[in-house]
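> sequence below, structure please.
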Amino acid sequence: MPEVGIRALRDNLSRYIGRVREGEEVIVTDHGRRVARIVPMERPGLLDRLVAEGIVTPPVVTERTSPGQPITPKAPVSPLVIDDRR
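Numbers count the residues shown, from 1 in each chain. Now for the predicted structure:
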């Protein structure tokens with residue numbers, strides 16, 4: 001998997017996108033530090049791969065629930081925050 005700096009990527013974007021299109025992964029660096037990864041769209045994501053390998057199991061319930069009833073204060077909390085900051 002090739003590593004390419006931001007400037008080189010910008011100057012040769014079509015070439016690197018072509019490599020990604022062929023199935024290769026490209027790592028983008030900024031001043032020698034890895035900052036991004038360009039991968040083909042067809043490649044399964046990390047979670048999909050972990051599920052396929054049996055390392056993790058998908059959630060049974062995919063629907064999110066609300067955290068419950070909101071708390072309604074009986075008095076303003078601003079004075080308490082101001083006191084706490086002193």
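> where do the helices sit along this protein?
6-11, 13-21, 46-52, 78-85 (DSSP state H).
> distance to Val35 added to those, as TSV?
Quick note: C-beta positions are derived from backbone N, CA and C, even for glycine. Formatted as TSV, the helices of the chain follow (distance: least, CB to CB, whole Å):
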stretch	distance to Val35
helix 6-11	8
helix 13-21	15
helix 46-52	18
helix 78-85	37
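> now these in JSON lines, with mean pLDDT and distance to Pro67?
Shown next, in JSON lines, are the helices of the chain (pLDDT from 0 to 100; distance: least, CB to CB, whole Å):
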{"stretch": "helix 6-11", "mean pLDDT": "96", "distance to Pro67": "41"}
{"stretch": "helix 13-21", "mean pLDDT": "95", "distance to Pro67": "40"}
{"stretch": "helix 46-52", "mean pLDDT": "87", "distance to Pro67": "24"}
{"stretch": "helix 78-85", "mean pLDDT": "89", "distance to Pro67": "22"}
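> out of those, nearest to Val60?
helix 46-52 (13.1 Å; CB to CB).
> does Val4 touch Ile27 like I think?
Yes. Look at Val4 against Ile27 with CB atoms under 8 Å: they come within range, at 7.2 Å.
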